[in-house]
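Chemist: need a structure here:
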Amino acid sequence: MKNKFTSKIPWREKIDRITEFKVTDVPLRMQKRFGKGKMLIPRPADMEVVIKKIRKGKLITKSELRNRLSADFNADVTCPITAGIFLRIIAEAAEEESGNGKKVITPYWRVINNDGSLNVKFPGGEKHQEEYLKKEGHKIGKSVKGNRLTVKEFEKKLASL
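Modeler: The predicted structure is shown next:
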């Protein structure tokens, strides 16, 4: 698998290390985008719980993942920066566990970008995510601009949580 990102600390340990979530005021620099209100800084483990609920053949967008977390913690928004970082850690942990022989891993590949495109920052990039999604029956094509892999008719495959 290409684009393997290595870590001296096991990825699972990174997930387990962050033991507390935080709900704070939306920072001033983010209020133009999100408005005033409360922002959740989640734990990676909280995100992983939601991802594990996505059944085979279903998908969730990054925004819907953050919305679900916000609702679960009575916040208005979930920090997109930490959520993105934690999503990457979850994906790396799953691949590390797979490499160590674990058969059932967190299905991180079911998380897609809001426009249906695949995540270039996942382990192995878009191609590896594409392999997983095709095994689950999804059709993958090029985006309108032709430079990104995208799940065809992804809106019909979104999970309702």
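
Chemist: contacts, neighbours, all on C-alpha from now
Modeler: Will do.

Chemist: List the buried residues of the longest helix along the chain.
Modeler: Taking DSSP state H as the assignment, the helix of the chain that covers the most residues is helix 80-99. By neighbour count, with 16 or more other C-alpha atoms under 10 Å as the criterion, the buried positions of helix 80-99 are 83, 86-97.

Chemist: okay, the helix or strand harbouring residue 33 in CSV with CA atoms only?
Modeler: When elements are assigned from DSSP states H and E, residue 33 belongs to helix 28-34. As requested, the backbone C-alpha atoms of helix 28-34 are provided in CSV (Å, rounded to 0.1, in the frame of the first residue of the first chain):
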residue,chain,number,x,y,z
LEU,A,28,-13.9,34.2,16.9
ARG,A,29,-11.9,33.2,13.7
MET,A,30,-14.5,30.5,13.0
GLN,A,31,-17.6,32.4,13.7
LYS,A,32,-17.9,33.7,10.2
ARG,A,33,-18.2,30.1,9.0
PHE,A,34,-20.1,28.6,11.9
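
Chemist: Tell me the buried residues in that helix?
Modeler: residue 34.

Chemist: low-confidence ranges in this structure?
Modeler: In the prediction, the chain carries residues with pLDDT under 70 at positions 1-6, 146.

Chemist: quick one, helices of the protein?
Modeler: Using DSSP H, helices in the chain cover 11-17, 28-34, 44-52, 62-72, 80-99, 125-135.

Chemist: Go through the ones you listed and name the closest to residue 150.
Modeler: helix 125-135 (8.7 Å; C-alpha to C-alpha).

Chemist: Now the closest one: buried residues?
Modeler: Along helix 125-135, the positions that meet the burial threshold by neighbour count (16+ other C-alpha under 10 Å) are 125, 126, 127, 128, 129, 130, 133.
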